[in-house]
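Trainee: fold the following.
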Amino acid sequence: MDRAGSGAERRAEERAPIELRVEYRRVNSFLAEYTRNISKGGTFIATGKPLPPGTRFDFRITFPGGPAALRLIGVVSWVREHGSEPGMGVRFEFASEEDRRQFEETVERTLSEQLGPVAARRLAGK
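Mentor: Numbering: from 1, shown residues only. Okay, here's the model as predicted:
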């Protein structure tokens, strides 16, 4: 059963299509998956084994040309178990406003490099 409504209707931030490597643990296994899109507030992780909604988990995300993988905390907002691409929508949580600011700068810089500065500013709401 698909437990995802229209994610676009619930998002606070517009997402940009981009594939980034994501690594996290699930019970006794280590998983490496990929994002399909990202915003300053969250991401969609394509996976055939999504975590249940409400699950809070640590993960690492790797940006091309960026520093070492960034360690983040996410909460699963919704799950798509069937359809063209199963996975989970994840909302980011930050320990401090400084952590949030640094992450947002990394996302904006990466989007600018991948999609161009005009698209990056539009997606960043600027």
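
Trainee: contacts and neighbour counts: CA atoms only from here.
Mentor: Fine.

Trainee: who's in contact with F44?
Mentor: Shown here is F44, whose contacts under the criterion C-alpha atoms under 8 Å, 6 or more residues apart in numbering are 35-38, 87-90.

Trainee: surely V107 meets G42?
Mentor: No. Taking contacts as C-alpha atoms under 8 Å, V107 lies outside contact range of G42: 10.7 Å.

Trainee: what about the strands in the protein?
Mentor: Taking DSSP state E as the test, the strands found in the chain are 16-17, 21-26, 29-38, 42-46, 56-62, 70-80, 87-93.

Trainee: ok and the top helix by length along the chain relative to strand 29-38, angle-wise?
Mentor: Counting residues, the longest helix found in the chain (DSSP state H) is helix 97-115. Calculated by axes from the mean of the first three to the mean of the last three C-alpha atoms, to 10 degrees, helix 97-115 forms an angle of 70 degrees with strand 29-38.

Trainee: so where is the protein shaky, pLDDT-wise?
Mentor: Residue ranges of the chain with pLDDT under 70: 1-15, 66-67, 114-115, 117-126.
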